[in-house]
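Novice: everything below, folded, please.
(chains A and B)
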Number of protein chains: 2
Amino acid sequence: MSITQGLRRAMQIHRSGVATICGDRRRTWTEFGHRVARLAGALGNLGLGAGNRVAILSLNSDRYLEYLYAVPWAGGVLVPLNVRLAPAEILQILMDSGAEILVVDDACSAMLPALRREPSAVRRIVFAGDGPLPEGCCHHEEILAAAPPAADAQRAGDDLAGIFYTGGTTGLPKGVMLSHGNLLANALNVLALLHINDETIYLHAAPMFHLADLAMTFAATMTAGAHTFLPKFDPADALRTLQENRVTHGVFVPTMLNMMVHRPDIHTYDLSNLQAVMYGASPMPEALLARVMEAFPACEFAQGYGMTELSPVATFLEFRHHRLEGPLKGKLRSAGWAAPSAEVKIVDAQDDEVPRGTVGEIVVRGPMVMKGYWNQPEATAQVLRNGWMHTGDLGTMDEDGFVYVVDRLKDMIITGGENVYSAEVENVISHHPAVSMCAVIGIPSPEWGETVHAIAVSKEGFTLDPESLLAHCRDRVAGYKCPRSVEIRQQPLPLSGAGKILKNELRQPFWEGRARQVI
Amino acid sequence: MSITQGLRRAMQIHRSGVATICGDRRRTWTEFGHRVARLAGALGNLGLGAGNRVAILSLNSDRYLEYLYAVPWAGGVLVPLNVRLAPAEILQILMDSGAEILVVDDACSAMLPALRREPSAVRRIVFAGDGPLPEGCCHHEEILAAAPPAADAQRAGDDLAGIFYTGGTTGLPKGVMLSHGNLLANALNVLALLHINDETIYLHAAPMFHLADLAMTFAATMTAGAHTFLPKFDPADALRTLQENRVTHGVFVPTMLNMMVHRPDIHTYDLSNLQAVMYGASPMPEALLARVMEAFPACEFAQGYGMTELSPVATFLEFRHHRLEGPLKGKLRSAGWAAPSAEVKIVDAQDDEVPRGTVGEIVVRGPMVMKGYWNQPEATAQVLRNGWMHTGDLGTMDEDGFVYVVDRLKDMIITGGENVYSAEVENVISHHPAVSMCAVIGIPSPEWGETVHAIAVSKEGFTLDPESLLAHCRDRVAGYKCPRSVEIRQQPLPLSGAGKILKNELRQPFWEGRARQVI
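Specialist: The predicted structure is shown next:
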């Protein structure tokens, strides 16, 4: 199993089919494949050896996709970087990964002076943008044009394909090592459940450094589907691109779907080509899902639950389980079944499986489980125990094997000895008609240990008052789960590059100088 | 990747769903899974150790399926035996594989005295039938009931899952070693292209010892589809079972489809539940395919081309490529595209890829390629070269990446220096309205080396004369490809257990005492 096999298959079965549509640039699979082989040759010319790392700091583009194939083709290892990180954080990852080649685009080249301030292993910087060449860089198109095509290094199976850094928002970032086999195991699960083929047109809407997007990238290529790109997510751009490029498949995080469906002009777009949307990376409030299903009536939905360490999908809620009415209605709150080649179970603190319906930690085994964290054997040993990846997520499984993600272990609030799952309370708050976004966190309390604190953003054109919100909650959840304090904001909450609400940032002002106990 | 993971997934997502329907016996996934764990315990009690072989000599049944899971669950290796072999051939395989446990059913227990005549490694014989217990055997149900459930031995990935003997009709049989990863790679390709899920009801119509059936077995279980069984293929039984058990999916070899669609009462059966038929194991004459598509109008068709050594599918002709009219019409003659995780190319004698449209040997690379032949490193080295499995099949690839199987390398006829592909001539002959079955072979000729000889079986109620057949051929293929001699038979041609015409047997009377040169 090798990432590059998928590219060769696309070149074989759809040689004159469209591979990439990026702004005005359009390339066939033959053109794309030949560019990848030459780009791999160029990386070799820059000194890339087997297992050497190439860091990519770029918005989404066809050139980004070229690296995703050229780096393994040249025998190297991908290090896609989160473009939302601060230069100091990027530098930390460059040093940790030991990347010798760095790729930047127009948007990210401004960071170069800051990145050069401290020494890292980076020897060469390639500029993959369209603007003027930054100082000290070589140009993507020039090195590609000058290089002879390289032979595929044939890395496969357990060979390291990429290091994907997570947790870059606090603490030391961890580099998740994924092999070719890991990424292909996920691609085959995606193929089994979504209907992807050479007629697919896939929109890279989520950032390409993120596994939510990569989950589809390798599957779309191996079936010779076309790729099209949003440099970065913007709801109007997304809707326009969906229409203009006749996009059939997309992956979105709930925040993106939320922004799209709340645009007043949503109904003016022709989205009739859109066949399938996979969503994930964070739980989707039910109210939002109903609204999205209404906004894209011709579209089927699938949810993927997982994490970078799982390449990334561990469970799928399939198309036919997305029903707002009927016997399957309740399943919509779940994250679905274990992916075809995954094993999922819910365990207690002793790693023993708990009875169905009982909350425990979600653990996963299978060919999609990462090799470990780069240079962090202790962190690896903490999560990979007895052959199972310990996700740190709390969940339950029902009698039918559907997995319900209850909360992040670290986001669970313990108040007066009771466990409150922030996601449950957020789900309730999100149903309030005046709420566009919310987060529920635990804040310190001398009396209760922690108390439940809600932060809600009001919808444009609506007035939201704390009392009405509290009354809404009191009607719907047990008293001990109701927020003890509420904060209303007009501005969106801080998001990670992947569109997740940064709860650590929200918690920080409350916990300054104190340690929050996490079980 | 492990065979047993699929069973655990089925037990998790469909615990009270139907797992097996075998005659009057019906079991849920929970029942089936618990029986497998106890059967594995029983095998352990019989002394089965890690990597020990268990040979199975049985017609299709739910108990056969129990062994397919219990043997790996217990840490053992499967050796499914072709029930059509002679006792001497079976004995040869028992000795070659070193199987210590043998499983037989009612139909095959008659062979036991012959098998006991010579010493083999077999220490214990389990009777998995319904009739009286043969002497010296223990009973499947008794040992199962008495055993505690075993823990899964957790064999996975490169661990050997089974040894599958091929070529048992002439020469020394070769044991194809397939790993858990091999079989799962195939199952995931099947999942990606056929629509299998927990609503699937799969009919085991082809013999369960054959990879054509196993190809679907593991895929159906991992999605918690139900299994139903024909002990052995009979067209009337097949049609009745398709109707009664509301079968949705089946795998058939062309000979079976031929027998079904030529039954005069075919239209009296309700086959409306049948959604998908995968066919393969030998090329399908176009005339037959058209007739089959007409007989099962609600059904989609997929072709799988491959061989035991490829676990078994290397290429798929997908549902949407089965069109009798329109731009895809010609593709129906092909075996389709490389399976999602396979690489396929056509090479010359120097292993260099030939231009599209040129005939060469079909070679395959990927996670489905066998580990090798059991205890036959030389035979392994002959076919596994430079990482590619050399199929011994001749084929071409068109501009769109579709693979056309032209002939077996050994069935190609060289007459007067010209290559004649027997399958091409057979395809023409099969279009003759009075022909139900045919084979074209090379027979020795002092003048031409070989000449083309046709053997045709006349359809019931039709008269077939050699002259009309020759005239039919002359109108449709080049003169040098036309048979020089024709033989008309009333009786069916000899078939292998997998439904392939035994050309070696047909050639034998002509070649007695001479060596046929095969390139």
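Novice: please name the bridge partners of A:G175.
Specialist: Here A:G175 shows beta-bridge partners A:Y165, assigned using DSSP bridges.
Novice: could I get the pLDDT score of it?
Specialist: We have a pLDDT of 96 for A:G175.
Novice: what does the one 10 residues further on give?
Specialist: The predicted local distance difference test score for A:A185 is 96.
Novice: by contact count, what packs against the helix or strand containing it?
Specialist: Following DSSP states H and E, one finds A:A185 within helix A:180-193. Helix A:180-193 is packed against helix A:3-13, strand A:160-166, helix A:211-222, strand A:313-317, helix B:180-193, with contacts defined by 3 or more CB pairs under 8 Å, 6 or more residues apart in numbering or on different chains; DSSP states H and E. All C-beta spots, glycine's among them, are computed from the backbone N, C-alpha and C.
Novice: out of those, which is closest to A:A335?
Specialist: strand A:313-317 (4.7 Å; CB to CB).
Novice: each with direction, which strands does the following helix or strand past the closest one pair with?
Specialist: Next along the chain after strand A:313-317, taking DSSP H and E as the criterion, comes strand A:337-338. Counting by DSSP bridges, the strands paired with strand A:337-338 are strand A:313-317 (antiparallel).
Novice: re earlier: make a markdown table out of the helices and strands packed on helix A:180-193 and add distance to A:V292 and mean neighbour count.
Specialist: Putting the helices and strands packed on helix A:180-193 into a markdown table (distance: least, CB to CB, whole Å; neighbours: other CB atoms under 10 Å in any protein chain shown) gives the following:
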| stretch | distance to A:V292 | mean neighbour count |
| --- | --- | --- |
| helix A:3-13 | 30 | 25 |
| strand A:160-166 | 26 | 24 |
| helix A:211-222 | 16 | 27 |
| strand A:313-317 | 14 | 28 |
| helix B:180-193 | 26 | 28 |
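Novice: which of these sits closest to A:R489?
Specialist: Among the helices and strands packed on helix A:180-193, helix A:211-222 sits nearest to A:R489 (CB to CB), with 25.9 Å.
Novice: count the residues that sit near A:L409.
Specialist: Other residues within reach of A:L409, judged by other CB atoms under 10 Å in any protein chain shown, total 15.
Novice: brain fart, A:T415
Specialist: Neighbourhood size, A:T415 [other CB under 10 Å]: 19.
Novice: might one say that it is in contact with A:E447?
Specialist: No: with contact taken as CB atoms under 8 Å, A:T415 and A:E447 are classed as non-touching, separated by 9.5 Å.
Novice: enumerate the residues of the stretch 51-200 of chain A near chain B.
Specialist: By the rule CB under 8 Å from any CB of the partner chain, the part of the stretch 51-200 of chain A lying against chain B is A:Q154, A:G157, A:L184, A:A185, A:L188, A:N189, A:L191, A:A192, A:N197.
Novice: can you do 6 Å?
Specialist: Taking CB under 6 Å from any CB of the partner chain as the measure of proximity, the stretch 51-200 of chain A contacts chain B at A:L188, A:L191, A:A192.
Novice: who's in contact with the spatially closest residue to the last one that is not a sequence neighbour?
Specialist: Spatial nearest neighbour of A:A192, excluding adjacent residues (CB to CB, 6 or more residues apart in numbering or on different chains): B:L191 at 3.9 Å. Contact analysis of B:L191 by CB atoms under 6 Å, 6 or more residues apart in numbering or on different chains lists A:A192, A:P340, B:A219.
Novice: can you put those in JSON lines and add distance to B:E118?
Specialist: As requested, the contacts of B:L191 are exported to JSON lines (distance: CB to CB, whole Å):
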{"residue": "A:A192", "distance to B:E118": "46"}
{"residue": "A:P340", "distance to B:E118": "44"}
{"residue": "B:A219", "distance to B:E118": "38"}
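Novice: of those residues, which is the nearest to B:M389?
Specialist: Of all the contacts of B:L191, B:A219 has the smallest distance to B:M389: 21.1 Å, by CB to CB.
Novice: right, and that closest one touches B:A187 too?
Specialist: Yes: judged on CB atoms under 6 Å, B:A219 makes contact with B:A187 at a distance of 4.2 Å.
Novice: okay, now the unreliable bits of the stretch 351-500 of chain A?
Specialist: With pLDDT under 70 as the threshold, the stretch 351-500 of chain A has low-confidence stretches at A:497-498.
Novice: in it, what residue comes closest to chain B?
Specialist: Nearest residue of the stretch 351-500 of chain A to chain B, counting by CB to the nearest CB: A:G401, 3.6 Å away.
Novice: from A:E100, how far out is that residue?
Specialist: The gap separating A:G401 from A:E100 is 46 Å, by CB to CB, to the nearest Å.
Novice: same question, A:I362
Specialist: The span separating A:I362 from A:E100 equals 37 Å under the rule CB to CB.
Novice: before we move on, back to that, tabulate the residues of the stretch 51-200 of chain A next to chain B (a markdown table), appending pLDDT.
Specialist: Shown next, in a markdown table, are these (pLDDT from 0 to 100):
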| residue | pLDDT |
| --- | --- |
| A:L188 | 95 |
| A:L191 | 93 |
| A:A192 | 90 |
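Novice: with distance to B:R246 added, can I get the helices and strands packed on helix A:180-193 in TSV?
Specialist: Written out in TSV, the entries for the helices and strands packed on helix A:180-193 read as follows (distance: least, CB to CB, whole Å):
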stretch	distance to B:R246
helix A:3-13	35
strand A:160-166	44
helix A:211-222	32
strand A:313-317	26
helix B:180-193	21
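Novice: closest one to A:A50 among those?
Specialist: Distances from A:A50 to each of the helices and strands packed on helix A:180-193 were compared by CB to CB, and the smallest falls on strand A:160-166, at 10.2 Å.
Novice: which elements pack onto the closest one?
Specialist: strand A:77-80, strand A:174-179 (3 or more CB pairs under 6 Å, 6 or more residues apart in numbering or on different chains; DSSP states H and E).
Novice: which one of the ones you listed lies closest to B:H390?
Specialist: Taking CB to CB as the criterion, strand A:174-179 is the member of those that comes nearest to B:H390, at 27.7 Å.
Novice: scan chain A for its longest helix.
Specialist: helix A:29-45 (DSSP state H).
Novice: which ones are touching the residue in the stretch 1-150 of chain A that chain B sits nearest to?
Specialist: Using CB to the nearest CB, the single residue of the stretch 1-150 of chain A nearest to chain B is A:I13, 3.6 Å away. By CB under 6 Å, 6+ apart, the contact set of A:I13 is A:A224, B:W337, B:G401.
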